[in-house]
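**Q** What follows is a predicted structure for the sequence shown.
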Amino acid sequence: MYYPDFIVKTADKIYIIETKSDKDLQDQNVKQKRLAILDWAKRINQLKPEDRAGKTWEYVLLGETHFYGLSNNGASIDEICQLAKVTEANATGKYLLNFFRRWIF
């Protein structure tokens, strides 16, 4: 069973938020959980809008330094979530791979 730290509902999104100390962000268990929760959110978002509260579900992994840095600079919860959301590309490293491919080839 997985129990997120927070679930935040905004005008158009539902964020599943997990908070971690900076030292735990690269923990193997956290990395595996990222992929599992991304898959779960992807399946939720394939449901009819009325079956998912009419909102897009996203996963946020929020480290303490990132949170306090954004919060202390006046970022809203929606801005914090957008900046800390986990995508398949950044969870699997595909973002960097695609970035380097554009520069090398």
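**A** Nice, I can see it.

**Q** Stretch 83-96: how far from the chain's middle?
**A** 8 Å (CA atoms, centre = their mean, to the nearest Å).

**Q** List the buried residues in it.
**A** Buried residues in stretch 83-96, defined by neighbour count with 16 or more other CB atoms under 10 Å: Ala84, Lys85, Val86, Ala91. For glycine as for every other residue, the C-beta is placed from the backbone atoms N, C-alpha and C.

**Q** tell me what the longest helix along the chain is packed against?
**A** Of all segments of type helix in the chain, defined using DSSP state H, the longest is helix 28-45. If you count contacts as 3 or more CB pairs under 8 Å, 6 or more residues apart in numbering; DSSP states H and E, helix 28-45 packs onto strand 13-20, strand 56-63, strand 85-86, helix 88-92.

**Q** possible to save the buried residues of stretch 83-96 as TSV with pLDDT and distance to Asp5?
**A** Listed next are the buried residues of stretch 83-96 as TSV, based on pLDDT from 0 to 100; distance: CB to CB, whole Å:
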residue	pLDDT	distance to Asp5
Ala84	91	12
Lys85	92	15
Val86	90	14
Ala91	77	18
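
**Q** how far away is the nearest residue to Ala41 once chain neighbours are set aside from Asn29?
**A** What sits nearest to Ala41 in space, not counting adjacent residues and going by CB to CB, 6 or more residues apart in numbering, is Trp57, at 4.6 Å. Distance from Trp57 to Asn29, counting by CB to CB, to the nearest Å: 22 Å.
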